[in-house]
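*Asks:* could you look at this predicted model? Sequence included:
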Number of protein chains: 2
Amino acid sequence: MRITGKRISESTIHRLSLYFRSLGILEKEGYVTVSSKDLAQREKLTPAQVRKDLSFFGQFGTRGLGYPVVELRQQIAEILGINRKWNVALIGIGNVGSALVSFKEFIRQGFIIKLIFDNDQRKIGSFNKGIEVHDVTNLRQMLNKHNIELVIIAVPASVAQRIVDEVVDAGVKALLSFAPTNLRVPSNVTMRTVNMAIEMEHLSFHLTNENLYYTA
Amino acid sequence: MRITGKRISESTIHRLSLYFRSLGILEKEGYVTVSSKDLAQREKLTPAQVRKDLSFFGQFGTRGLGYPVVELRQQIAEILGINRKWNVALIGIGNVGSALVSFKEFIRQGFIIKLIFDNDQRKIGSFNKGIEVHDVTNLRQMLNKHNIELVIIAVPASVAQRIVDEVVDAGVKALLSFAPTNLRVPSNVTMRTVNMAIEMEHLSFHLTNENLYYTA
(Lines give C-alpha, C1' and ligand atoms only; values in the text may rest on other atoms or scores of the structure.)
Protein backbone atom coordinates (compact mmCIF):
# COMPACT_ATOMS: atom_id res chain seq x y z
CA MET A 1 0.00 0.00 0.00
CA ARG A 2 1.23 3.48 -0.88
CA ILE A 3 -0.23 6.67 0.52
CA THR A 4 0.82 8.86 -2.39
CA GLY A 5 -0.42 12.37 -2.83
CA LYS A 6 -0.99 12.99 0.88
CA ARG A 7 1.23 14.85 3.24
CA ILE A 8 2.29 13.05 6.38
CA SER A 9 4.30 14.71 9.14
CA GLU A 10 7.10 13.30 11.27
CA SER A 11 4.79 13.53 14.29
CA THR A 12 2.12 11.49 12.46
CA ILE A 13 4.75 8.82 11.71
CA HIS A 14 5.63 8.83 15.40
CA ARG A 15 1.98 8.37 16.40
CA LEU A 16 1.59 5.52 13.89
CA SER A 17 4.41 3.76 15.76
CA LEU A 18 2.48 4.26 19.01
CA TYR A 19 -0.80 3.01 17.50
CA PHE A 20 1.04 -0.03 16.15
CA ARG A 21 2.17 -0.89 19.68
CA SER A 22 -1.24 -0.30 21.26
CA LEU A 23 -2.95 -2.39 18.59
CA GLY A 24 -0.52 -5.23 19.36
CA ILE A 25 -1.58 -5.08 23.01
CA LEU A 26 -5.28 -4.91 22.04
CA GLU A 27 -4.80 -7.92 19.76
CA LYS A 28 -3.23 -9.90 22.61
CA GLU A 29 -6.09 -8.85 24.90
CA GLY A 30 -8.52 -10.34 22.37
CA TYR A 31 -10.08 -7.15 21.01
CA VAL A 32 -11.52 -7.45 17.48
CA THR A 33 -12.29 -3.75 16.99
CA VAL A 34 -11.25 -0.53 18.70
CA SER A 35 -12.85 2.91 18.62
CA SER A 36 -10.86 6.07 17.91
CA LYS A 37 -11.87 7.14 21.43
CA ASP A 38 -10.32 4.07 23.09
CA LEU A 39 -7.18 4.30 20.98
CA ALA A 40 -6.90 8.02 21.77
CA GLN A 41 -7.22 7.36 25.51
CA ARG A 42 -4.34 4.88 25.42
CA GLU A 43 -2.07 7.45 23.77
CA LYS A 44 -3.34 10.51 25.63
CA LEU A 45 -4.54 12.02 22.34
CA THR A 46 -7.92 13.30 21.12
CA PRO A 47 -10.20 10.98 19.12
CA ALA A 48 -10.14 13.62 16.34
CA GLN A 49 -6.33 13.34 16.14
CA VAL A 50 -6.53 9.54 15.90
CA ARG A 51 -9.19 9.74 13.17
CA LYS A 52 -7.14 12.30 11.26
CA ASP A 53 -3.97 10.17 11.44
CA LEU A 54 -5.82 7.04 10.34
CA SER A 55 -7.54 8.90 7.50
CA PHE A 56 -4.22 8.55 5.64
CA PHE A 57 -5.27 4.95 5.14
CA GLY A 58 -8.41 5.99 3.30
CA GLN A 59 -11.84 4.80 4.37
CA PHE A 60 -11.10 2.53 7.25
CA GLY A 61 -13.19 1.46 10.17
CA THR A 62 -16.94 1.61 10.44
CA ARG A 63 -18.93 4.26 12.25
CA GLY A 64 -20.20 2.75 15.49
CA LEU A 65 -18.05 -0.39 15.15
CA GLY A 66 -14.57 1.14 15.21
CA TYR A 67 -11.40 -0.06 13.51
CA PRO A 68 -10.61 -3.74 12.97
CA VAL A 69 -7.60 -4.34 15.28
CA VAL A 70 -5.64 -6.98 13.35
CA GLU A 71 -6.19 -5.42 9.95
CA LEU A 72 -5.35 -1.87 11.08
CA ARG A 73 -2.17 -3.08 12.78
CA GLN A 74 -1.13 -4.86 9.59
CA GLN A 75 -1.83 -1.74 7.51
CA ILE A 76 0.26 0.43 9.84
CA ALA A 77 3.09 -2.13 9.76
CA GLU A 78 2.99 -1.90 5.97
CA ILE A 79 3.10 1.88 5.87
CA LEU A 80 5.92 1.98 8.46
CA GLY A 81 7.83 -0.63 6.46
CA ILE A 82 7.99 -3.06 9.40
CA ASN A 83 6.11 -5.88 7.67
CA ARG A 84 9.49 -6.97 6.25
CA LYS A 85 13.11 -7.35 7.32
CA TRP A 86 15.81 -4.68 6.91
CA ASN A 87 19.54 -5.24 6.65
CA VAL A 88 21.21 -3.06 9.26
CA ALA A 89 24.87 -2.32 9.97
CA LEU A 90 26.16 -0.98 13.28
CA ILE A 91 29.29 1.15 13.27
CA GLY A 92 31.07 1.39 16.61
CA ILE A 93 30.82 -1.39 19.21
CA GLY A 94 31.49 0.56 22.40
CA ASN A 95 29.01 0.80 25.29
CA VAL A 96 26.10 2.15 23.27
CA GLY A 97 26.78 -0.18 20.31
CA SER A 98 26.90 -3.22 22.59
CA ALA A 99 23.56 -2.30 24.15
CA LEU A 100 22.00 -1.91 20.70
CA VAL A 101 23.15 -5.36 19.56
CA SER A 102 21.27 -6.82 22.54
CA PHE A 103 18.16 -4.71 21.96
CA LYS A 104 15.46 -7.29 21.27
CA GLU A 105 12.86 -4.85 19.97
CA PHE A 106 15.03 -4.18 16.89
CA ILE A 107 14.79 -7.83 15.85
CA ARG A 108 11.07 -8.00 16.67
CA GLN A 109 10.43 -5.03 14.35
CA GLY A 110 12.51 -6.56 11.55
CA PHE A 111 15.72 -4.53 11.97
CA ILE A 112 18.41 -7.21 11.64
CA ILE A 113 21.98 -6.18 12.46
CA LYS A 114 24.01 -8.07 9.84
CA LEU A 115 27.37 -6.33 10.20
CA ILE A 116 29.30 -4.60 12.97
CA PHE A 117 32.27 -2.31 12.29
CA ASP A 118 34.94 -0.87 14.56
CA ASN A 119 38.45 0.54 14.21
CA ASP A 120 39.81 -1.18 17.32
CA GLN A 121 42.14 -4.03 16.30
CA ARG A 122 41.29 -5.85 19.54
CA LYS A 123 37.61 -5.96 18.57
CA ILE A 124 37.96 -6.70 14.84
CA GLY A 125 37.38 -10.40 14.15
CA SER A 126 35.57 -10.98 17.45
CA PHE A 127 31.88 -11.81 17.65
CA ASN A 128 29.13 -9.95 19.47
CA LYS A 129 25.80 -11.85 19.83
CA GLY A 130 27.02 -14.00 16.94
CA ILE A 131 27.77 -11.07 14.63
CA GLU A 132 31.37 -10.59 13.47
CA VAL A 133 33.09 -7.24 14.03
CA HIS A 134 34.69 -5.99 10.80
CA ASP A 135 37.41 -3.46 10.14
CA VAL A 136 35.81 -0.08 9.42
CA THR A 137 38.36 0.52 6.64
CA ASN A 138 36.37 -1.99 4.55
CA LEU A 139 33.13 -0.12 5.24
CA ARG A 140 32.01 0.88 1.77
CA GLN A 141 32.56 -2.43 -0.01
CA MET A 142 31.02 -4.42 2.87
CA LEU A 143 27.90 -2.23 3.01
CA ASN A 144 27.37 -2.79 -0.71
CA LYS A 145 28.17 -6.50 -0.67
CA HIS A 146 25.64 -7.17 2.12
CA ASN A 147 22.93 -4.86 0.74
CA ILE A 148 22.83 -2.80 3.93
CA GLU A 149 19.84 -0.44 3.92
CA LEU A 150 20.05 1.19 7.36
CA VAL A 151 23.14 2.15 9.32
CA ILE A 152 23.42 2.90 13.03
CA ILE A 153 26.27 5.27 13.96
CA ALA A 154 27.63 4.72 17.48
CA VAL A 155 31.13 6.20 17.10
CA PRO A 156 32.78 9.10 18.97
CA ALA A 157 31.79 12.63 17.89
CA SER A 158 35.26 13.35 16.51
CA VAL A 159 35.03 10.75 13.71
CA ALA A 160 31.26 10.69 13.20
CA GLN A 161 31.00 13.05 10.19
CA ARG A 162 33.73 11.18 8.29
CA ILE A 163 31.94 7.85 8.89
CA VAL A 164 28.57 9.35 7.91
CA ASP A 165 30.09 10.66 4.65
CA GLU A 166 31.44 7.20 3.83
CA VAL A 167 28.08 5.56 4.57
CA VAL A 168 26.28 8.09 2.37
CA ASP A 169 28.88 7.55 -0.42
CA ALA A 170 28.09 3.83 -0.23
CA GLY A 171 24.50 4.68 -1.16
CA VAL A 172 22.80 4.13 2.21
CA LYS A 173 19.72 6.35 2.53
CA ALA A 174 18.81 5.95 6.21
CA LEU A 175 20.97 6.54 9.29
CA LEU A 176 20.37 6.55 13.03
CA SER A 177 23.07 8.43 14.94
CA PHE A 178 23.99 8.17 18.61
CA ALA A 179 27.09 10.35 18.16
CA PRO A 180 26.82 13.41 20.42
CA THR A 181 27.39 15.93 17.62
CA ASN A 182 25.55 17.66 14.79
CA LEU A 183 25.97 15.73 11.52
CA ARG A 184 25.22 16.63 7.91
CA VAL A 185 23.62 14.40 5.28
CA PRO A 186 22.35 15.23 1.77
CA SER A 187 18.64 16.01 1.43
CA ASN A 188 17.87 12.61 -0.13
CA VAL A 189 19.17 10.82 2.98
CA THR A 190 17.16 10.51 6.22
CA MET A 191 19.02 10.72 9.50
CA ARG A 192 17.52 10.45 12.98
CA THR A 193 19.58 11.41 16.02
CA VAL A 194 19.35 10.07 19.57
CA ASN A 195 21.18 12.33 21.98
CA MET A 196 20.70 11.16 25.53
CA ALA A 197 22.56 14.10 27.10
CA ILE A 198 20.28 16.56 25.30
CA GLU A 199 17.25 14.67 26.62
CA MET A 200 18.67 15.09 30.13
CA GLU A 201 19.15 18.81 29.47
CA HIS A 202 15.44 19.14 28.68
CA LEU A 203 14.79 17.72 32.15
CA SER A 204 17.30 19.94 33.94
CA PHE A 205 15.85 22.92 32.07
CA HIS A 206 12.40 22.13 33.41
CA LEU A 207 13.70 21.54 36.94
CA THR A 208 15.60 24.83 36.79
CA ASN A 209 12.74 26.87 35.36
CA GLU A 210 9.83 25.29 37.16
CA ASN A 211 7.77 28.43 37.27
CA LEU A 212 8.40 29.33 33.66
CA TYR A 213 5.57 29.39 31.18
CA TYR A 214 6.57 27.48 28.12
CA THR A 215 4.83 26.17 25.04
CA ALA A 216 4.71 22.52 24.09
CA MET B 1 19.19 34.03 35.74
CA ARG B 2 15.48 33.42 35.17
CA ILE B 3 13.69 34.01 31.91
CA THR B 4 10.29 34.49 33.45
CA GLY B 5 7.34 35.80 31.53
CA LYS B 6 8.52 34.52 28.18
CA ARG B 7 7.36 31.43 26.38
CA ILE B 8 10.01 28.97 25.36
CA SER B 9 9.25 25.87 23.30
CA GLU B 10 10.72 22.37 23.58
CA SER B 11 12.38 22.91 20.20
CA THR B 12 14.03 26.10 21.48
CA ILE B 13 15.37 24.17 24.47
CA HIS B 14 16.73 21.58 22.04
CA ARG B 15 18.46 24.27 19.97
CA LEU B 16 19.95 25.80 23.13
CA SER B 17 21.58 22.42 23.79
CA LEU B 18 23.02 22.49 20.26
CA TYR B 19 24.28 26.09 20.63
CA PHE B 20 25.88 25.12 23.93
CA ARG B 21 27.85 22.38 22.16
CA SER B 22 28.87 24.58 19.22
CA LEU B 23 29.97 27.35 21.55
CA GLY B 24 32.16 24.85 23.39
CA ILE B 25 33.86 23.96 20.11
CA LEU B 26 34.23 27.65 19.17
CA GLU B 27 35.75 28.34 22.59
CA LYS B 28 38.29 25.53 22.08
CA GLU B 29 39.08 26.90 18.62
CA GLY B 30 39.92 30.24 20.21
CA TYR B 31 36.96 32.33 19.03
CA VAL B 32 36.07 35.31 21.23
CA THR B 33 32.85 36.26 19.45
CA VAL B 34 30.49 34.53 17.00
CA SER B 35 27.87 36.03 14.68
CA SER B 36 24.32 34.67 14.51
CA LYS B 37 25.14 33.83 10.88
CA ASP B 38 28.12 31.62 11.81
CA LEU B 39 26.24 29.94 14.63
CA ALA B 40 23.27 29.36 12.31
CA GLN B 41 25.51 27.76 9.66
CA ARG B 42 26.90 25.29 12.17
CA GLU B 43 23.39 24.16 13.11
CA LYS B 44 21.85 24.36 9.63
CA LEU B 45 19.45 27.05 10.89
CA THR B 46 18.66 30.60 9.77
CA PRO B 47 20.41 33.55 11.46
CA ALA B 48 16.93 34.90 12.27
CA GLN B 49 16.11 31.69 14.18
CA VAL B 50 19.34 31.95 16.17
CA ARG B 51 18.71 35.61 17.01
CA LYS B 52 15.14 34.79 18.05
CA ASP B 53 16.26 31.92 20.31
CA LEU B 54 18.98 34.02 21.92
CA SER B 55 16.59 36.93 22.43
CA PHE B 56 15.25 34.96 25.42
CA PHE B 57 18.43 36.07 27.14
CA GLY B 58 17.53 39.70 26.69
CA GLN B 59 19.88 42.16 25.00
CA PHE B 60 22.89 40.08 24.26
CA GLY B 61 25.59 40.44 21.67
CA THR B 62 26.52 43.59 19.79
CA ARG B 63 25.47 44.44 16.25
CA GLY B 64 28.48 43.92 14.01
CA LEU B 65 30.53 42.21 16.73
CA GLY B 66 28.37 39.17 17.43
CA TYR B 67 27.91 37.23 20.65
CA PRO B 68 30.69 36.77 23.23
CA VAL B 69 31.44 33.01 23.05
CA VAL B 70 32.42 32.24 26.64
CA GLU B 71 29.75 34.43 28.20
CA LEU B 72 26.93 33.17 25.96
CA ARG B 73 27.92 29.56 26.62
CA GLN B 74 27.84 30.23 30.36
CA GLN B 75 24.41 31.87 30.09
CA ILE B 76 23.00 28.92 28.16
CA ALA B 77 24.46 26.48 30.70
CA GLU B 78 22.68 28.43 33.40
CA ILE B 79 19.31 28.41 31.64
CA LEU B 80 19.63 24.68 30.84
CA GLY B 81 20.57 24.00 34.45
CA ILE B 82 23.89 22.37 33.50
CA ASN B 83 26.07 24.83 35.40
CA ARG B 84 25.58 22.62 38.42
CA LYS B 85 25.45 18.93 39.36
CA TRP B 86 22.28 16.82 39.51
CA ASN B 87 21.72 13.68 41.58
CA VAL B 88 20.52 10.96 39.22
CA ALA B 89 19.26 7.42 39.86
CA LEU B 90 19.18 4.70 37.23
CA ILE B 91 16.53 2.00 37.51
CA GLY B 92 17.32 -1.20 35.60
CA ILE B 93 20.88 -2.28 34.92
CA GLY B 94 20.39 -4.40 31.81
CA ASN B 95 22.02 -3.68 28.45
CA VAL B 96 20.72 -0.14 28.09
CA GLY B 97 21.31 0.71 31.75
CA SER B 98 24.91 -0.55 31.60
CA ALA B 99 25.61 1.59 28.52
CA LEU B 100 24.19 4.64 30.31
CA VAL B 101 26.41 4.18 33.37
CA SER B 102 29.43 4.32 31.03
CA PHE B 103 28.12 7.33 29.09
CA LYS B 104 30.75 9.99 29.74
CA GLU B 105 28.72 12.92 28.43
CA PHE B 106 26.29 12.57 31.35
CA ILE B 107 29.08 13.26 33.84
CA ARG B 108 30.50 16.10 31.72
CA GLN B 109 27.09 17.81 31.73
CA GLY B 110 26.72 17.37 35.49
CA PHE B 111 24.33 14.39 35.55
CA ILE B 112 25.84 12.19 38.26
CA ILE B 113 24.39 8.70 38.65
CA LYS B 114 24.42 8.20 42.43
CA LEU B 115 22.22 5.11 42.73
CA ILE B 116 21.41 2.08 40.60
CA PHE B 117 18.39 -0.14 41.23
CA ASP B 118 17.44 -3.56 39.93
CA ASN B 119 15.18 -6.45 40.99
CA ASP B 120 17.66 -9.16 40.02
CA GLN B 121 19.14 -10.73 43.19
CA ARG B 122 22.33 -11.60 41.28
CA LYS B 123 22.91 -7.91 40.52
CA ILE B 124 21.86 -6.39 43.86
CA GLY B 125 24.93 -5.59 45.96
CA SER B 126 27.29 -5.64 42.97
CA PHE B 127 29.02 -2.53 41.67
CA ASN B 128 28.87 -1.00 38.20
CA LYS B 129 31.49 1.67 37.48
CA GLY B 130 31.84 2.02 41.24
CA ILE B 131 28.12 2.53 41.86
CA GLU B 132 26.31 -0.01 44.04
CA VAL B 133 23.21 -1.76 42.69
CA HIS B 134 20.36 -1.55 45.21
CA ASP B 135 17.19 -3.57 45.61
CA VAL B 136 14.34 -1.79 43.80
CA THR B 137 12.00 -2.65 46.71
CA ASN B 138 13.79 0.09 48.68
CA LEU B 139 13.26 2.60 45.88
CA ARG B 140 11.21 5.29 47.55
CA GLN B 141 13.20 5.65 50.76
CA MET B 142 16.54 5.55 48.91
CA LEU B 143 15.46 8.23 46.40
CA ASN B 144 14.50 10.51 49.27
CA LYS B 145 17.55 9.76 51.40
CA HIS B 146 19.94 10.57 48.56
CA ASN B 147 18.04 13.63 47.30
CA ILE B 148 17.62 12.17 43.82
CA GLU B 149 16.31 14.82 41.40
CA LEU B 150 16.29 12.96 38.07
CA VAL B 151 15.52 9.31 37.42
CA ILE B 152 16.38 7.24 34.35
CA ILE B 153 14.02 4.33 33.69
CA ALA B 154 15.63 1.40 31.87
CA VAL B 155 13.33 -1.44 32.89
CA PRO B 156 11.18 -3.77 30.74
CA ALA B 157 7.92 -2.33 29.40
CA SER B 158 5.81 -4.66 31.55
CA VAL B 159 6.94 -3.11 34.87
CA ALA B 160 7.71 0.44 33.68
CA GLN B 161 4.44 2.15 34.71
CA ARG B 162 4.59 0.68 38.22
CA ILE B 163 8.17 1.92 38.65
CA VAL B 164 7.30 5.35 37.22
CA ASP B 165 4.39 5.64 39.70
CA GLU B 166 6.72 4.83 42.60
CA VAL B 167 9.29 7.38 41.42
CA VAL B 168 6.60 10.05 41.09
CA ASP B 169 5.24 9.15 44.56
CA ALA B 170 8.74 9.70 45.92
CA GLY B 171 8.52 13.31 44.70
CA VAL B 172 10.86 13.13 41.69
CA LYS B 173 9.84 15.67 39.05
CA ALA B 174 11.98 14.63 36.06
CA LEU B 175 12.25 11.24 34.34
CA LEU B 176 13.98 9.94 31.25
CA SER B 177 12.47 6.67 30.02
CA PHE B 178 14.03 4.06 27.74
CA ALA B 179 11.17 1.61 28.32
CA PRO B 180 9.53 0.77 24.98
CA THR B 181 6.02 1.68 26.11
CA ASN B 182 3.77 4.68 26.62
CA LEU B 183 3.93 5.90 30.22
CA ARG B 184 1.82 8.34 32.20
CA VAL B 185 3.03 11.00 34.62
CA PRO B 186 1.13 13.85 36.34
CA SER B 187 1.25 17.24 34.62
CA ASN B 188 3.73 18.65 37.16
CA VAL B 189 6.29 15.96 36.25
CA THR B 190 8.44 16.12 33.11
CA MET B 191 9.19 12.88 31.30
CA ARG B 192 11.29 12.48 28.15
CA THR B 193 11.23 9.21 26.26
CA VAL B 194 13.96 7.65 24.13
CA ASN B 195 12.54 4.89 21.94
CA MET B 196 15.18 3.53 19.62
CA ALA B 197 12.83 1.16 17.78
CA ILE B 198 10.50 4.06 16.96
CA GLU B 199 13.47 6.03 15.58
CA MET B 200 14.24 3.06 13.34
CA GLU B 201 10.60 3.00 12.20
CA HIS B 202 10.90 6.63 11.05
CA LEU B 203 13.76 5.47 8.84
CA SER B 204 11.96 2.41 7.45
CA PHE B 205 8.94 4.62 6.78
CA HIS B 206 11.06 6.95 4.68
CA LEU B 207 12.75 4.08 2.85
CA THR B 208 9.34 2.51 2.17
CA ASN B 209 7.69 5.71 1.01
CA GLU B 210 10.59 7.32 -0.81
CA ASN B 211 8.42 9.06 -3.37
CA LEU B 212 5.94 10.27 -0.83
CA TYR B 213 5.49 13.96 -0.20
CA TYR B 214 5.64 14.57 3.49
CA THR B 215 5.92 17.62 5.69
CA ALA B 216 8.73 18.22 8.15
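*Replies:* That came through, no problem.
*Asks:* how many neighbours does residue A:68 have?
*Replies:* 18 (other CB atoms under 10 Å in any protein chain shown). In short, each C-beta sits where N, CA and C put it, glycine included.
*Asks:* how much space is there between it and chain B?
*Replies:* 22 Å (CB to the nearest CB, to the nearest Å).
*Asks:* what bridges to that residue?
*Replies:* Beta-bridge pairing of residue A:68 under DSSP bridges involves residue A:33.
*Asks:* report the separation between it and residue A:80.
*Replies:* 18 Å (CB to CB, to the nearest Å).
*Asks:* and for residue A:32?
*Replies:* In terms of CB to CB, residue A:32 sits 22 Å off from residue A:80.
*Asks:* who has more neighbours, the two?
*Replies:* The residue with more neighbours, out of residue A:32 and residue A:80, is residue A:80; 24 against 12, by other CB under 10 Å.
*Asks:* let me see the backbone angles for that one.
*Replies:* When read as degrees, to the nearest 10, the backbone of residue A:80 gives phi -80, psi -10.
*Asks:* residues contacting it?
*Replies:* Counting by CB atoms under 8 Å, 6 or more residues apart in numbering or on different chains, residue A:80 touches A:13, A:16-17, A:20, B:201, B:204-205, B:208.
*Asks:* can you flag which of these belong to helices?
*Replies:* Of the positions in those, A:13, A:16-17, A:20, B:201, B:204-205, B:208 sit in helices, assigned by DSSP state H.
*Asks:* and these, which is closest to residue A:145?
*Replies:* Nearest to residue A:145 out of the ones in helices among the contacts of residue A:80 is residue B:204 (CB to CB; 21.4 Å).
*Asks:* thought the closest one was touching residue A:82?
*Replies:* Yes: taking contacts as CB atoms under 8 Å, residue B:204 lies within contact range of residue A:82: 5.9 Å.
*Asks:* between these two, who's got more neighbours?
*Replies:* Between residue B:204 and residue A:82, counting by other CB under 10 Å, residue B:204 is the more crowded of the two (26 against 22).
*Asks:* pull the number of nearby residues for the spatially closest residue to that one that is not a sequence neighbour.
*Replies:* Nearest residue to residue B:204, sequence neighbours excluded (CB to CB, 6 or more residues apart in numbering or on different chains): residue A:81, at 3.5 Å. Neighbours of residue A:81 under the rule other CB under 10 Å: 22.
*Asks:* residues contacting residue A:81?
*Replies:* B:201, B:204-205, B:207-209.
*Asks:* among these, name the buried ones.
*Replies:* Buried subset of these (neighbour count, 16 or more other CB atoms under 10 Å in any protein chain shown): B:201, B:204-205, B:207-209.
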